[in-house]
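1. My questions concern the predicted model and sequence given below.
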Amino acid sequence: MSAVETITQSLPSLTLRNKSDESEATNQEEPYKYAHLLPVFPKDEHYPPLTPFEHVDPGFRALSHQNPRAFLTNATSIIDLTPRLGTEIRGVNLAQLDSGGRDQLALEVARRGLLVFRDQQEFIDRGIDFYREWGSYFGRLHIHPTSGHPEGAPEIHLVYRDANTTYNFEVDGRISSTSWHSDVSYELQPPGLTTFFLLSQPKSGGDTLFTSQVSTLSRLSPQFVAFLKTLKAVHSGFEQAEFSRSGRRGGVVRRDPVQNVHPVVRRHPVTGEEALYVNRQFTRRIVGLKLEESDAILNFLYDHIDKSADNQARVKWEPNTVVIWDNRITAHSAIVDFDNTRERRHGARITPQAERPIPALDGLEL
């Protein structure tokens, strides 16, 4: 048995022969452009526990810029997806941003939660070394403990589903594929600014939903928010690890799972905005409450996140789109509505870690 599980795929194309050839059109194999970015799952790949580090958000530097939005000067289109969350931008080449532009980008993502950049083929085609350099500017690159990654590039997290298989964290037997989460919130220092793009996508469907956790919090009564600020919750990666150990998603666990305690309401280090910080996928219980009390509060908050369409934005993918969001103040969910079309959805995520979540309540001990 090979020590590495990988995927080999090719796309059919139509090739016409000369008229003199009596044969008609035949299906030929055309190499997949992004085959070098298909997921692998080395069975012998193991990493030690993550260690704490000091994170300085690049957005801080942009606060002192004369025009913190100067990186958008040449944009040909800037459209807010909703009043509360998300902006779609055309005419800005992310691959060409200098350090000042990247600092301004970080600040804009912190303020809007989600930026959708169209026409970014140069960024996507720059390749793995560029992805690493890009992500490292915004924080220490996270290596996912269970997901697939390109050969030799564990820092690049991949999502993958095609006609035959899925290598995503998808739970069977549910009536909906919607699964709101903030990426790897079980880490001591979860991600901040996160970059994601699709390399292959279905003709229709496969969108991504986002919600503003600043807005979900703001809809609650001041008295209830004041109570939530006194709470902290356990976020766990054990269930995700067991999912892989059961043989799904590639069947590897390259770092022992962890759980960590985070505030239920956190403060953004740059903007000072307060955001709800719980999610169905990784939050398990509220510290200090009895099980029924914890479940009642968490299920209320999950239900609020699920149903608050007025806090949400939906990203419809186009080829060469790069989406950047702030995991500290948003949650998201992929939409698996294309499963019957048997089409490929192949995406890459660059995931820098940020600071340990800062409690909105001064003095709350974690």
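-> Perfect, thanks for sending it.

2. Run a quick check on L220 versus L228, I expect a contact.
-> Yes: here L220 reaches L228: they are 7.4 Å apart, a contact under Cβ atoms under 8 Å. All C-beta spots, glycine's among them, are computed from the backbone N, C-alpha and C.

3. quick one: which of those two has more around it?
-> Per other Cβ atoms under 10 Å, whichever of L220 and L228 has more neighbours is L228, with 23 against 17.

4. wait, what's in contact with the more buried one?
-> L217, L220, V264, V265, L276, I297 (Cβ atoms under 8 Å, 6 or more residues apart in numbering).

5. swap the cut-off to 10 Å and go again
-> 217, 220, 263-265, 274, 276-278, 286, 297, 301, 360-361 (Cβ atoms under 10 Å, 6 or more residues apart in numbering).

6. got it, and R254?
-> R254 touches 41-47, 143-147, 149, 154, 241, 244, counting by Cβ under 10 Å, 6+ apart.

7. Do you have the strands of the stretch 51-200 of the chain handy? List them.
-> Using DSSP state E, counting those that start in this stretch, the strands of the stretch 51-200 of the chain run over 77-80, 87-90, 114-117, 156-161, 193-200.

8. Those strands: lowest mean pLDDT?
-> Among these, strand 156-161 has the lowest mean pLDDT, at a mean of 94.

9. same for it, what does it pack against?
-> Strand 156-161 is packed against helix 128-138, strand 193-200, strand 345-350, with contacts defined by 3 or more Cβ pairs under 10 Å, 6 or more residues apart in numbering; DSSP states H and E.

10. hang on, the earlier thing: are any of the contacts of R254 buried, and which?
-> F41, P42, E45, I143, H144, P145, T146, S147, H149, P154, A241, S244 (16 or more other Cβ atoms under 10 Å).

11. List the residues that contact the fifth one.
-> It stands for H144. 154-158, 169, 183-184, 240, 254-255, 349, 351.

12. can we see that at 7 Å?
-> H157, V184 (Cβ atoms under 7 Å, 6 or more residues apart in numbering).

13. ok, it to A70 distance?
-> Between H144 and A70 the computed distance is 34 Å (Cβ to Cβ, to the nearest Å).

14. list the helices and strands the one helix or strand A296 maps to packs on?
-> Assigned by DSSP states H and E, A296 belongs to helix 291-307. Helices and strands touching helix 291-307, as assessed by 3 or more Cβ pairs under 7 Å, 6 or more residues apart in numbering; DSSP states H and E, comprise strand 283-286.

15. then the strand it packs on to CSV, C-alphas only?
-> C-alpha atoms of strand 283-286 as CSV (Å, rounded to 0.1, in the frame of the first residue of the first chain):
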residue,chain,number,x,y,z
THR,A,283,-18.1,24.8,20.0
ARG,A,284,-19.0,22.2,22.5
ARG,A,285,-20.1,23.7,25.8
ILE,A,286,-20.1,26.8,28.0
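
16. for that strand, packing partners?
-> Secondary elements touching strand 283-286 (3+ Cβ pairs under 7 Å, 6+ apart): strand 232-236, helix 291-307.

17. Tell me which of the ones you listed sits nearest to V322.
-> Among those, the nearest to V322 by Cβ to Cβ is helix 291-307 (25.2 Å).

18. quick one: average confidence on the closest one?
-> For helix 291-307, mean pLDDT is 98.

19. So which bits of that helix are buried?
-> Neighbour-count burial for helix 291-307 flags S294, I297, L298, L301, H304, I305 (criterion: 16+ other Cβ under 10 Å).

20. F60: which of those residues is nearest?
-> I305 (28.6 Å).

21. closest to I335 out of the helices and strands packed on strand 283-286?
-> Taking Cβ to Cβ, helix 291-307 is the member of the helices and strands packed on strand 283-286 nearest to I335, at 13.4 Å.

22. Tell me the gap between the helix or strand just after that closest one and the middle of its chain.
-> Going down the chain from helix 291-307, the next helix or strand is strand 312-315, by DSSP H and E. How far strand 312-315 lies from its chain's middle: 14 Å, per Cα atoms, centre = their mean, to the nearest Å.

23. So for strand 312-315, what gets flagged as buried?
-> For strand 312-315, by 16+ other Cβ under 10 Å, it's Q312, A313, V315.

24. what helices or strands is it leaning on?
-> strand 208-212.

25. So which other helices or strands are in contact with the strand it packs on?
-> strand 312-315, strand 330-334.

26. With respect to L193, which of those strands lies nearest?
-> Judged by Cβ to Cβ, the one of the helices and strands packed on strand 208-212 that comes nearest to L193 is strand 330-334, at 10.9 Å.

27. What's the mean pLDDT across the closest one?
-> The model assigns strand 330-334 a mean pLDDT of 96.

28. Please report the distance of D303 from R280.
-> 10 Å.

29. mind putting the helices and strands packed on strand 283-286 in TSV, distance to V322 included?
-> Formatted as TSV, these follow (distance: least, Cβ to Cβ, whole Å):
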stretch	distance to V322
strand 232-236	27
helix 291-307	25
